[in-house]
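>>> following is a predicted model, sequence given first.
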Amino acid sequence: MVFNWFRRQYNDSSKTTSDEKQEEKIGAKEEDNSTSSPETSSTTETENSSDEAVNYLTWAKAAYKNIQEQQQTQKLPSQETQKVSETSREAKTEIEESVTEGVSDSDTALSENTQDSENIQKSPVTTEKETEELATEEANDSDTIVSENTQDLPKATDTEGETSVIELEETRETIVSQSPQEIPNTSVESTVLENNTTESKIAESESNFSESATKLQTGQEGAVDLDSTKETSEEGKISVTANSSDQPQASLSFLERAAAERQAKQERLIANAIEIPASDSETEEVASKTSTEAVPNIDSSEIPGMDFDEGFLWSAEILAAQGRRPEDISVEEITWLKKLRQGLGKTRRGILNQLRSIVGQGPLNQAGVEEIEALLLQADVGVEATDFIVNSLQEKLRQETLPPEKAIAYLKEILRDMLDAPLEKSDRSVFAPDKNSFNIWLVNGVNGAGKTTTIGKISHLAQKSGYKCLIGAADTFRAAAVEQVKVWGERSGVEVIANKGKNTDPAAVVFDAISAAQARGTELLLIDTAGRLQNKKNLMEELSKIRRIIDKKAADARVESLLVLDATLGQNGLRQAQVFSQSAKLSGVVLTKLDGTAKGGVALAVVKQLGLPIRFIGAGEGIEDLRPFSSYEFVEALLSS
Ligand SMILES: Nc1nc2c(ncn2[C@@H]2O[C@H](COP(=O)(O)OP(=O)(O)OP(=O)(O)O)[C@@H](O)[C@H]2O)c(=O)[nH]1
């Protein structure tokens, strides 16, 4: 079952899309609101909202547990190898301690041969180094654990005793000869089994190491043997035996003990995390800061831990409100929502508190209207959109007195309607490539807006969603742009079709890319175009030439044209956008750099002034930092306390 990141549902699911559910939910909420007067419904609402809060909390807990389980499954191989490595190190350290203790306690041995004692002191250092190297290699590949481990052992003893070398060689041969069959590395399901096998091999190798270390001492010095070490231990000095007897699970192997400790620790963490209460809005900044630290960009195979914090609860509530199920939630979705909310934090903080105090005072007077206008204009909402919002709000507040929360809820409704309005004219409410057919998405925008980055991020979403994807590097204006798109192609695992020559004809690249896509059965071809053209005429000529090539060569393809806009440019970006909207038949806008800008309101200006739907939003430079646009999520991130 593949999760379609464009539709935000599983491919084979018969469920309605997020968007549809969102509409259902919002529709239901509106109905509730319209059928009950504010006065009569206030008690019921308080009860309902507390019920809802409890339900959201239950939902959030279930989602949190689900994510933890996913992490467990995904982290298992590396956790197990790490466990092996730690235990191996522990075992060796204990042996070293034991040996060192034995050496220091044994006057006979030390006085008989100082050189020998130096060798013994050196031995742990060598072993520690080797163990560290081993740990690194083990973390990379559990297949190599056994051989690496056993290969290390002779190294430690090569210079120190022939007997040990021979015995360790035997051990290594036994283990290495068994390992290829016994430690496959193919699927997650088989990993537990594999790691158990690996553990037993490592345990075996450790025990051999232990024996060898003992023999090493015996062989070299004669006076220091394991028995004397043990005796010393029994007298209360630091030793393996003494330490082990203090442990409740003394009879267990190091590996088993480590596993049990890790399991207990994990259970404690889960239990504690679930009990952390949601912090209030005052701590929002701290919470989001913490969550950013805890959840960095996920563009590698490692999935970091996630706190059950205020940001998580908020994200869970947003997903639950859209009809999502906790068992379908992934860490990426929570991380994205946290990031979006955090990204819009500046805009939100700039307007929310003031808006609340203005709209909570009954019908809007002239001073109130002016204040709201100023707030919206500051957030780059634009004159047209601001007028529309203020008029709608004024109209509503004239009809009925709303408490601040209700007024904000109504404002959210206005904004959602505005953001979704262009979809009514569009034949696509959900912007996703059609499966099993040829889709071509042209990506336009001025240089620096984030076109290449957006292509990289969309190709990653396409790849994750199971589409056959290809990139055409038709921004030939700047040589570095081709290199940059290639890097993104490597990151997302998507092939890039480019022409090596400088200043080559972009239409020729598009032609090659379409040929390649047709030959490979590609479902989504993303085309990077140049934005820095001297004038509007050049731009129009180039874009229409590209369109002609597409129409001729891929007449059956579904072609979409996206305009990438840098949100930090606010109204200035819109002026550039107008040139493009006249040149290219645009299907929608990708709004980038929403992270950390106070101009998040520009999204409303985009839809109002350009009449174009927002299709994707970007809130960061990482590969996961772009998602299909949802008016519900955007407005909640913009206006929720
Ligand atoms: N903070 C942030 N930076 C972004 C985002 N999207 C893109 N960027 C950065 O913006 C800069 C320009 O992005 P590009 O993808 O190179 O923009 P471009 O439009 O392809 O520009 P050219 O390569 O010059 O054609 C890069 O440093 C990106 O990392 C975003 O959502 N947030």
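Cool, got the structure.

>>> could you list the domains of this structure?
The chain breaks down by automatic domain parsing into domains covering 74-266, 439-586.

>>> lowest-confidence stretch among the ones you listed?
Lowest mean pLDDT of those: domain 74-266, a mean of 39.

>>> close to the ligand: what parts of the stretch 451-600 of the chain are there?
Selection of the stretch 451-600 of the chain residues close to the ligand by C-beta under 6 Å from any ligand atom yields K451, T452, T453, D475, R478, A481, Q484, G531, T592, K593, D595. All C-beta spots, glycine's among them, are computed from the backbone N, C-alpha and C.

>>> 5 Å instead?
K451, T452, T453, A481, T592, K593, D595 (C-beta under 5 Å from any ligand atom).

>>> any chance you could map the strands in this structure?
For the chain, the strands defined by DSSP state E cover 3-4, 9-10, 439-444, 469-474, 495-497, 524-529, 558-566, 588-592, 614-618, 626-628.

>>> can you put those in CSV and add mean neighbour count and distance to Q576?
Below are the strands of the chain laid out as CSV (neighbours: other C-beta atoms under 10 Å; distance: least, C-beta to C-beta, whole Å):
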stretch, mean neighbour count, distance to Q576
strand 3-4, 20, 32
strand 9-10, 17, 35
strand 439-444, 24, 11
strand 469-474, 28, 19
strand 495-497, 20, 26
strand 524-529, 28, 14
strand 558-566, 23, 8
strand 588-592, 27, 12
strand 614-618, 25, 16
strand 626-628, 23, 20
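
>>> could those go into a markdown table alongside distance to Y56?
A markdown table is the format used below for the strands of the chain (distance: least, C-beta to C-beta, whole Å):
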| stretch | distance to Y56 |
| --- | --- |
| strand 3-4 | 22 |
| strand 9-10 | 21 |
| strand 439-444 | 36 |
| strand 469-474 | 36 |
| strand 495-497 | 43 |
| strand 524-529 | 35 |
| strand 558-566 | 34 |
| strand 588-592 | 28 |
| strand 614-618 | 24 |
| strand 626-628 | 21 |
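
>>> show me where the stretch 451-600 of the chain has its helices.
451-464, 479-492, 506-520, 536-553, 571-583 (DSSP state H, counting those that start in this stretch).

>>> pick the most deeply packed of the ones you listed.
When those are scored by mean count of other C-beta atoms under 10 Å, the highest mean neighbour count falls to helix 451-464 (a mean of 24).

>>> for it, name the packing helices and strands.
When contacts are defined as 3 or more C-beta pairs under 8 Å, 6 or more residues apart in numbering; DSSP states H and E, helix 451-464 packs onto strand 439-444, strand 469-474, helix 479-492, strand 524-529, strand 558-566, strand 588-592, strand 614-618, strand 626-628.

>>> as a markdown table, these with distance to M418 would be great.
Putting these into a markdown table (distance: least, C-beta to C-beta, whole Å) gives the following:
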| stretch | distance to M418 |
| --- | --- |
| strand 439-444 | 24 |
| strand 469-474 | 32 |
| helix 479-492 | 33 |
| strand 524-529 | 29 |
| strand 558-566 | 17 |
| strand 588-592 | 14 |
| strand 614-618 | 11 |
| strand 626-628 | 18 |
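
>>> residues from the protein in reach of the ligand?
So the chain meets the ligand at 447-453, 481, 592-593, 595, 618, 621 (C-beta under 5 Å from any ligand atom).

>>> rerun at 8 Å
Counting by C-beta under 8 Å from any ligand atom, the chain comes close to the ligand at 445-457, 475, 477-478, 480-481, 484-485, 528, 530-532, 564, 566, 592-596, 618-621, 625-626.

>>> contacts for stretch 625-633?
Residues from elsewhere that reach stretch 625-633 (C-beta atoms under 8 Å, 6 or more residues apart in numbering): 5-6, 8, 18-19, 22, 26, 297, 318, 321-322, 336-337, 339-340, 415-416, 419-420, 430-432, 454, 457-458, 461, 590-592, 595, 613-619.

>>> same deal with stretch 358-367?
Here stretch 358-367 has contacts from 368, 371-372, 390, 393-394, 397-398, 401-404, 407-408, 411, using C-beta under 8 Å, 6+ apart.

>>> show me the two of these that sit farthest apart.
Spatial extent of these (C-beta to C-beta) is set by the pair V390 and P403 at 19.4 Å.

>>> these two: who's more crowded?
When V390 and P403 are compared for neighbours, V390 comes out ahead with 18 against 13, by other C-beta atoms under 10 Å.

>>> need the contact list for that one.
For V390, the contacting residues are L364, V369, I372, E373, L376, by C-beta under 8 Å, 6+ apart.

>>> at 7 Å what do you get?
Contacts for V390 (C-beta atoms under 7 Å, 6 or more residues apart in numbering) come out as V369, I372, E373.

>>> tell me the one of those nearest V509?
Nearest member of the contacts of V390 to V509, counting by C-beta to C-beta, is E373, at 46.9 Å.

>>> retrieve the pLDDT associated with that closest one.
So, for E373, pLDDT stands at 90.
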